[in-house]
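J.: only geometry, no sequence info:
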């Protein structure tokens, strides 16, 4: 009995060490971004919402949602900068689609009374997601953030990921995070 | 000592009964919508996201997020129609604001390479929220849904709330809910 207990403790211990060696945001066998090794956090679509946004670009317009894990959301709400290690921010992008059915209703709805010809747009197909993971030691060379851009479950190439940190430089005074918390 | 314990039990018991008499979505002393008596569920801004949307209407354009409580989210994910009692869906509306700072970055970002003059829009001020609470018995006369439109923490008037259910009629085949779950 004692021997079995010891074995169990040993197995749990080894499992713990292996888990700690895996990337912060996933298992070692998952697809990870070049340069940073950032993987897709499971279940992030159910995370709390930081904000929404739109990119207007004609037929290529996007609707977007930005999600945060609990560490990032707490930092946002408390105004903590820089974000603490363990913070994860994910931008989730959809095509932007017209909704003629909603438009018919909007034309009658009192909430839009006085609005000139209101038009409704909704998410269409999922395009890609972009991830920022804070680890001030591991990612010291890129402002403390590891980056990833995933499309169809696969990370983009190294050339794409080389552009992440330079692109985020203009938001340096907000710890390189563009998205502000929406009230 | 025994007397104090009894008193405590009695107080807790009375509090429990009072709580059970309050509206499903809040306390009895909270502002409630006319006709339906729907109150603001606390903490809904941290609920899971159903979808986002946009109303384009010139200077009065809006960005929107639709949140669901756990019962509603489960129904969405499993395709359950009609929504089960206890489902709550909340649409949270912001003004839509241009972001010239983001635009500068977008012009350089490889993710929008090939897009013609992409423009970024983000949430501005919070405008109002609209609530649907499912209780098939209590709200049998309005498709099983109780409605509320809140602005500045206060529900709109009875005239406004008389328009809720008729406006949602076109979505009858989706249990009167316009918003679809975004992938």
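T.: Received, thanks. No experiment lies behind these values; they were computed from the predicted model shown. Numbering: from 1, shown residues only, chains lettered A, B, ... in the order given.
J.: next SSE downstream of the helix or strand of chain A with the lowest mean pLDDT?
T.: Across the helices and strands of chain A, mean pLDDT, DSSP states H and E gives its lowest value to helix A:2-21, namely a mean of 47. Per DSSP states H and E, the first helix or strand lying C-terminal to helix A:2-21 is strand A:48-56.
J.: contacts for that next one?
T.: A:61-68, A:70, A:72-73, A:76, A:89, A:96, A:179-182, B:45-46, B:49, B:52, B:54, B:63-65, B:67, B:94, B:96, B:99, B:106, B:112, B:115, B:118-123 (C-beta atoms under 8 Å, 6 or more residues apart in numbering or on different chains). Every residue, glycine included, has its C-beta placed from N, CA and C.
J.: verify the stated contact: residue A:150 with residue A:127.
T.: No: using C-beta atoms under 8 Å, residue A:150 is not in contact with residue A:127, being 10.4 Å away.
J.: got any residues that touch both of the two?
T.: Common contacts of residue A:150 and residue A:127 (C-beta under 8 Å, 6+ apart): none found.
J.: relative to residue A:48, how far out is residue A:100?
T.: Relative to residue A:48, residue A:100 is positioned 32 Å away (C-beta to C-beta, to the nearest Å).
J.: for the two, indicate the residue with more neighbours.
T.: The residue with more neighbours, out of residue A:100 and residue A:48, is residue A:48; 19 against 9, by other C-beta atoms under 10 Å in any protein chain shown.
J.: please name the bridge partners of the more buried one.
T.: Judged by DSSP bridges, the bridge partners of residue A:48 are residue A:68.
J.: list the residues that contact residue A:179.
T.: Residues in contact with residue A:179 (C-beta under 8 Å, 6+ apart) are A:50-51, A:53, A:66, A:89, A:91, B:122.
J.: and with 6 Å instead?
T.: Going by C-beta atoms under 6 Å, 6 or more residues apart in numbering or on different chains, residue A:179 touches A:50-51, A:66.
J.: just the buried residues of those residues.
T.: A:50-51, A:66 (16 or more other C-beta atoms under 10 Å in any protein chain shown).
J.: rewinding a little: of the contacts of strand A:48-56, buried ones?
T.: Taking 16+ other C-beta under 10 Å as the criterion, what is buried in the contacts of strand A:48-56 is A:61-68, A:72-73, A:76, A:89, A:96, A:179-182, B:45, B:49, B:52, B:54, B:63-65, B:67, B:94, B:96, B:99, B:106, B:112, B:115, B:118-123.
J.: residue A:151 pairs with what?
T.: Under the criterion used (DSSP bridges), residue A:151 bridges to residue A:154.
J.: wait, it touches residue A:127, no?
T.: No: applying C-beta atoms under 6 Å, one finds residue A:151 not in contact with residue A:127, separated by 7.2 Å.
J.: show me what counts as buried in stretch A:162-180.
T.: Neighbour counts over stretch A:162-180 (16+ other C-beta under 10 Å) mark A:163-165, A:167-168, A:171, A:175-180 as buried.
J.: keep only those of those residues that are in helices.
T.: Within the buried residues of stretch A:162-180, residues falling in helices by DSSP state H are A:164-165, A:167-168.
J.: go back to the residues you listed and keep what's next to chain B.
T.: The residues of those that also fall near chain B, by C-beta under 6 Å from any C-beta of the partner chain, are residue A:167.
J.: so what touches the longest strand belonging to chain A?
T.: In chain A, with assignment by DSSP state E, the single longest strand is strand A:119-134. Outside of strand A:119-134, the residues within contact range by C-beta under 6 Å, 6+ apart are A:25, A:38, A:63, A:83, A:85, A:87-97, A:99, A:102-103, A:106, A:144-151, B:51, B:53-56, B:182-183.
J.: need the buried ones from those selected in PyMOL.
T.: Buried residues among the contacts of strand A:119-134 (16+ other C-beta under 10 Å), as a PyMOL selection:
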select buried, (chain A and resi 25+38+63+83+87+88+89+90+91+92+93+94+96+99+102+103+106+144+145+146+147+148+149+150) or (chain B and resi 51+53+54+55+56+182)
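J.: pretty sure residue A:76 belongs to a helix, no?
T.: Yes: looking at residue A:76 with DSSP: H, G, I helix; E, B strand; the rest coil, it is inside a helix.
J.: is it true that it touches residue A:181?
T.: Yes: between residue A:76 and residue A:181 a contact is recorded at 4.2 Å, counting by C-beta under 6 Å.
J.: the residue lying closest to residue A:47 once chain neighbours are set aside: what's it in contact with?
T.: Excluding its sequence neighbours, the residue lying closest to residue A:47 (C-beta to C-beta, 6 or more residues apart in numbering or on different chains) is residue A:67, at 4.0 Å. Shown in contact with residue A:67 (C-beta under 6 Å, 6+ apart): A:44, A:47, A:90.
J.: closest to chain B among these?
T.: Nearest to chain B among the contacts of residue A:67 is residue A:47, at 8.2 Å by C-beta to the nearest C-beta.
J.: what is the burial count for the closest one?
T.: Neighbours around residue A:47, by other C-beta under 10 Å: 23.
J.: quick check: phi and psi on it?
T.: Dihedral pair for residue A:47: phi -70, psi 170, per degrees, to the nearest 10.
J.: what's the distance between it and residue A:72?
T.: Separation of residue A:47 from residue A:72 (C-beta to C-beta): 9 Å.
J.: shaky segments in chain A?
T.: Within chain A, the stretches with pLDDT under 70 are A:1-28, A:110-114.
J.: which parts of it sit against chain B?
T.: So far as C-beta under 6 Å from any C-beta goes, chain A lies against chain B at A:46, A:48-49, A:51-58, A:60, A:63, A:65, A:105, A:109-110, A:115-116, A:118-123, A:126, A:163, A:167, A:170, A:182-183.
J.: does the residue nearest in space to the middle of chain A count as helix, strand or coil?
T.: Centroid check for chain A by C-alpha atoms, centre = their mean gives residue A:90 as the closest residue, at 0.7 Å. State at residue A:90, reduced to three classes by three-state DSSP: strand.
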